[in-house]
Every structure is written in C-alpha cells, then in structure tokens.
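Chemist: show me the folded form of this:
(one chain, ligands or ions: 1)
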Amino acid sequence: MPELPEVETILRGIKPSIVNQTIKNVTIRHYGLRWPVPQNIQKNLKNKVINAVIRRGKYLIFELNKEAVILHLGMSGTLRILTQYSPPKKHDHIDIAMANGVILRFADPRRFGAFLLTKNKFTYHPLLKNLGPEPLDKIFTGNYLWSHAQNRKMAVKSFIMDNKIVVGVGNIYAAEALFLACINPKTPVNKISQGRYDQLTKAIKCILRQAIKRGGTTLKDFVNSEGKPGYFANQLNVYGRAGMPCIKCCTLLISIQIGQRSTVYCEKCQS
Ligand SMILES: [Zn+2]
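Modeler: Got it, this is the predicted structure:
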C-alpha cells in the first residue's frame, strides 16, 4: 500500500506536468473503484484548469477553480505521466488528457482507490474533514500528542496510526519511529511523558523525511515509468525483522499483534 512518503513522491513526480494545465478530456474505463467514480465527472472536468495539486494524508487533491478532484491510490494504485498516448493495459482505469498533450494515467488492479469530485472546499469533504494534522507540520509536536493522550488508554502504536490524531503514519513508519524513540508499542498513551512524546514526534518526522528523500531519487525515472516508487524505508531496524537480533543490543526482536497489525520491537530497548 502506498504510504505517505510514496504519495508525496508521486505528487512531486506528477506536479510539474499538470499544474496550470487545462483538462481536455477524461476517459473512465472502470467506474467501480472503492466508491463509484461519479458518472458526470468527465463533463465537470472538461476545460477546467488544474490550479494546484496537494497532498493531504494519503489523498491527492487536484484544485480546480471551485471544485476539487480527490484521488486515493488505495492498496495498489499508481499514477504515471505519459507524454504521448499508448494503448491502455488491463488495469489502466482512468486517463486525464491535458491540453499540452500530457496524459495522467491512473491504474489500480485491486480497485480500492478513489477518484471523486467535490464542489465545495475539499477540506469539508467527509473523507477529509476529520483528519488530524500532517506529521511534518509544525503543529505536530510532543505537546500536541501528549495533550490528546490524557483521557485515553490505547496502545501508543494504535494512537499514532489513528488518522484523527495524525495522518499518514502507516504500520512500517510507526514501528520504526517507536524503535527510534525507545518506546514499547504496547504502552498505554496516558502513561507516556511529554518529553517522550517530544522524542516520538521527532522520530516520526525524521523517518518520514528520510523516506521522502530516498523517494526523490526515483523521480528522474517517473515519466513514462511504471509509476511505482515502492517503499523507501529500505533501512528498516525492526519492521519485518521478527526473530532477528536488535541492531543496538542483539536481543532477538519479537512480534506481537496490536490492533490487528503485527508489530515488531525490542523488549530491552523499548520500555
Ligand atoms: Zn535492543
């Protein structure tokens, strides 16, 4: 599943080719995504200018004059820029053709993605209005997490993966950040001090920034590529390493289930 750094990389990859461009034509080959693609979307998008493309959590927002397109890559979605038309493959469900000849092509084999239109400000859309802050935003601080944790008892790993608390911290990045901050993923959130939340927010920002930086190196191949940047967190300390020795203390890492997600951590380093 594309995570925040992958979506950010895709955003940076497609942006230069489509911002300030006029949409000439939209082709929908499959309407059955996670939510049905609106039937009238082609008519609504024709001749509209894409003023900006931004990311909110793992959603990409194409801002038009009043409306906005909300796109989510789901489990398996990819976007790529074609500089000239090529025949679509089986899972190439949507083409957005620009007046400059560029085509933005959305493929989604498992069809858990979304392609929606909102006529109001996108921040009011039901999918977006309850989202917490961006993890790389200034307001995401130790104090912010600590103050939201006071009346809760949930495990800290589930807490930082809750989109209402902070967006875009997926399973890999949550496990890695908790290791970096030396916090046991099972710890109830109201038992963690503000100082340790400072460490945790720093760790989350650091890991996401590193992953985005690594993703940047794939950008040169983005145009006409498969559009699959993949996971960038290629130096993983705990994720996927159950049963292997901790890189700090050599204790064997253990795997547990928290909120139906597997979590790997070091019992000795993370207390
Ligand atoms: Zn350890």
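Chemist: the stretch 151-271 of the chain: strands as residue ranges?
Modeler: 254-258, 261-265 (DSSP state E, counting those that start in this stretch).
Chemist: buried set for the first one?
Modeler: By neighbour count, and taking 16 or more other Cβ atoms under 10 Å as the criterion, the buried residues in strand 254-258 are 256, 258. Glycine gets a C-beta too; all of them are placed from N, C-alpha and C.
Chemist: write out the residues of the stretch 101-250 of the chain neighbouring the ion.
Modeler: Residues of the stretch 101-250 of the chain lying near the ion by Cβ under 5 Å from the ion: 246, 248-249.
Chemist: any quick PyMOL command for the buried ones out of those residues?
Modeler: Filtering those down to the buried ones (16+ other Cβ under 10 Å) takes a single PyMOL command:
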select buried, resi 246
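Chemist: what about the longest helix in the protein?
Modeler: Identified as the longest helix of the chain according to DSSP state H is helix 194-216.
Chemist: which of the residues in it are buried?
Modeler: Buried, per 16+ other Cβ under 10 Å, within helix 194-216: 196-201, 203-205, 207-208, 210-212, 214-216.
Chemist: ok, now stretch 163-182?
Modeler: Counting neighbours by 16+ other Cβ under 10 Å, one finds that the buried residues in stretch 163-182 are 165-182.
Chemist: now do the end-to-end distance for it.
Modeler: Using Cα to Cα, to the nearest Å, one end of stretch 163-182 lies 22 Å from the other.
Chemist: then stretch 29-36?
Modeler: Taking Cα to Cα, stretch 29-36 runs 12 Å from one end to the other.
Chemist: what does it rub up against?
Modeler: 37, 39, 72, 74, 88, 92-95, 108, 111-116 (Cβ atoms under 8 Å, 6 or more residues apart in numbering).
Chemist: filter the residues you listed down to the buried ones, PyMOL style.
Modeler: The PyMOL selection below is limited to those of the contacts of stretch 29-36 classed as buried (16+ other Cβ under 10 Å):
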select buried, resi 37+72+74+88+92+93+94+95+108+111+113+114+115+116
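Chemist: so residue 26 is in which element?
Modeler: strand 23-28 (DSSP states H and E).
Chemist: and that strand, how far out from the chain's middle?
Modeler: Relative to its chain's centre, strand 23-28 lies at 25 Å (Cα atoms, centre = their mean, to the nearest Å).
Chemist: what do you get for stretch 264-271?
Modeler: Per Cα atoms, centre = their mean, the centroid offset for stretch 264-271 relative to its chain is 26 Å.
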